[in-house]
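# next input, structure requested:
(one chain, ligands or ions: 1)
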Amino acid sequence: MSTPDWFDRIPKTELHVHLEGAVPIETLWELVKKYGGQAEVADLEALRRKFAYRDFPHFIQTWIWKNGFIRNYDDIAYVGENIARNFVKQNVRYVEAYFSPTNFTRHGLETQKIAEAWRRGLNRISQVEVKLIADFTRDEGSRRAFRTLEEVNEARSMGIIGVGLGGTEVEYPAELFREVYARARLLGFQTTVHAGETVGPSSIWSAVRDLQADRIGHGTRAIEDEELIIYLAEHKIPVETCPISNLRIGAIRTIEQHPIRHYFDRGILVTVNTDDPLMFHNTLAEELRLLETVHRFTRDEIKQVVLNGVESSWLDEDRKRELKLEFLRDPVWSSTT
Ligand SMILES: [Zn+2]
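Numbering: from 1, shown residues only. Below is the predicted model of the structure:
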């Protein structure tokens with residue numbers, strides 16, 4: 001790795017990262033070897049090359065293939081520990097991370113124990129605080145989501161503070177999950193919804209109106225609706241953008257097309273995130289670097305985006321204030337390299 005620059009060294013938060021998509025490649029390689037996967041991938045380089053996609057179905061196929069090497073609770077804890085180590089390396093201080101219990105329940109593991117295993121692994125690294133968001137998959141339907149919700153509710157002492165909704169946006173609209181979200185709110189969970197990644201503004205409107213989402217994941221296509229831009233800004237609904245993910249999935253054709261500059265200028269509480277760093281070979285520093293090199297953000301504006309991450313988090317107001325002060329006290333902001 002080259003010498004860490006300003007973007008590597010500044011303190012950061014991550015609000016949109018999937019633990020199953022954030023496995024460090026070296027950690028996955030260890031698991032591939034453990035389970036005799038070398039017949040399919042000869043070495044670390046071959047494994048790295050697996051994470052390039054012809055299209056979206058191929059992306060999903062690769063995702064499922066990779067999960068096949070995470071088979072028991074100890075594997076999950078091992079992965080969790082190494083993800084947390086990776087956050088520390090990048091000076092990520094606070095994280096709200098998605099985990100998808102059903103990725104593993106179909107292999108016979110139980111939701112509560114999956115949450116416990118992630119917590120066990122993440123807690124081995126004390127320099128970063130990681131809270132959990134249980135992610136429902138649209139494609140599995142609302143009945144499965146209801147069940148997952150009740151299960152994660154029993155495991156909420158593992159640091160589960162919110163729920164999210166991912167999966168195929170086009171075939172499974174947000175309104176199908178209205179009752180699930182109402183129940184989640186009643187139980188005291190915060191809410192976020194992946195919306196406007198592959199479907200247009202109507203999907204985001206449904207997330208805010210039908211599901212009353214506290215945050216929007218991606219929100220890439222809000223740009224197509226002026227009224228929605230105004231709504232998101234006025235209601236201070238944070239948008240968890242993931243520009244490189246959008247590019248790799250084909251939601252945008254070039255990185256220049258990502259609307260983050262416009263959102264920032266229009267006063268939307270916008271944050272920058274990696275989504276699935278294993279799948280997309282990206283880092284948070286790289287995402288922030290693009291703000292400068294592509295979207296012409298000044299360093300002060302980048303600092304604002306970083307602080308938006310704290311503001312958009314689900315920490316209480318006192319903790320937000322403390323964390324912002326901690327970030328601002330860091331001497332790195334005034335260095336130029
Ligand atoms: Zn995501």
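# pretty sure Glu286 sits against Ser245.
No - Glu286 is beyond contact range of Ser245, at 11.8 Å (criterion: CB atoms under 8 Å). Placement of C-beta: from N, CA and C, glycine included.
# who's more crowded, these two?
Neighbours per residue (other CB atoms under 10 Å) separate Glu286 from Ser245, with Ser245 holding more: 25 against 17.
# compute the first-to-last residue distance for stretch 274-285.
9 Å (CA to CA, to the nearest Å).
# so what touches that stretch?
Stretch 274-285 has contacts (CB atoms under 8 Å, 6 or more residues apart in numbering) with 5, 7-8, 12, 14, 16-18, 21-25, 28, 48, 51, 59, 62-63, 66, 86, 90, 92, 242, 244-245, 248, 272-273, 287.
# again, but for stretch 123-134
77, 80-81, 84-85, 87-88, 92-101, 115, 118-119, 122, 148-149, 152, 158-164, 190, 192, 314.
# can you list the buried residues in that stretch?
By neighbour count on 16 or more other CB atoms under 10 Å, the buried set for stretch 123-134 is Asn123, Ile125, Val128, Glu129, Val130, Lys131, Leu132, Ile133, Ala134.
# restricting to C-alpha, output that stretch in PDB.
C-alpha atoms of stretch 123-134 as PDB (Å, rounded to 0.1, in the frame of the first residue of the first chain):
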ATOM      1  CA  ASN A 123     -15.900  -6.400  19.800                       C
ATOM      2  CA  ARG A 124     -12.400  -7.900  19.600                       C
ATOM      3  CA  ILE A 125     -11.300  -4.500  18.100                       C
ATOM      4  CA  SER A 126     -11.900  -1.800  20.600                       C
ATOM      5  CA  GLN A 127     -10.800   1.300  18.600                       C
ATOM      6  CA  VAL A 128     -14.000   1.400  16.500                       C
ATOM      7  CA  GLU A 129     -17.600   1.400  17.500                       C
ATOM      8  CA  VAL A 130     -19.900  -0.700  15.200                       C
ATOM      9  CA  LYS A 131     -23.600  -0.700  15.600                       C
ATOM     10  CA  LEU A 132     -25.800  -3.100  13.500                       C
ATOM     11  CA  ILE A 133     -28.700  -2.600  11.100                       C
ATOM     12  CA  ALA A 134     -30.700  -5.700  10.300                       C
END
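# ok so, going back, out of the contacts of stretch 123-134, which sit inside helices?
Within those, residues falling in helices by DSSP state H are 77, 80-81, 84-85, 87-88, 115, 118-119, 122, 148-149, 152.
# just the buried residues out of these, in PyMOL syntax.
A single PyMOL command is used to select the members of these judged buried by 16+ other CB under 10 Å:
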select buried, resi 77+80+81+84+85+87+115+118+119+122+148+149+152
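# among the ones in helices among the contacts of stretch 123-134, which one sits closest to Asp214?
Set against Asp214, the nearest of the ones in helices among the contacts of stretch 123-134 by CB to CB is Leu149 (15.8 Å).
# tell me where the model's unsure across the protein.
Where the chain drops to pLDDT under 70, the residues are 1-2.
# the same query, at a cut-off of 80, please.
1-2, 56, 106, 336-337 (pLDDT under 80).
# for the stretch 51-200 of the chain, which segments are assigned as strands?
Along the stretch 51-200 of the chain, counting by DSSP state E, counting those that start in this stretch, strands occupy 92-99, 129-137, 160-166, 190-195.
# now do the same contact list for Ala251.
Glu197, Thr198, His218, Thr220, Arg221, Ser245.
# just the ones of those residues in helices?
When the contacts of Ala251 are checked against helices (DSSP H), the matches are Ser245.
# now the contacts of Ala251 as TSV including distance to Leu109?
Formatted as TSV, these follow (distance: CB to CB, whole Å):
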residue	distance to Leu109
Glu197	28
Thr198	29
His218	28
Thr220	33
Arg221	35
Ser245	26
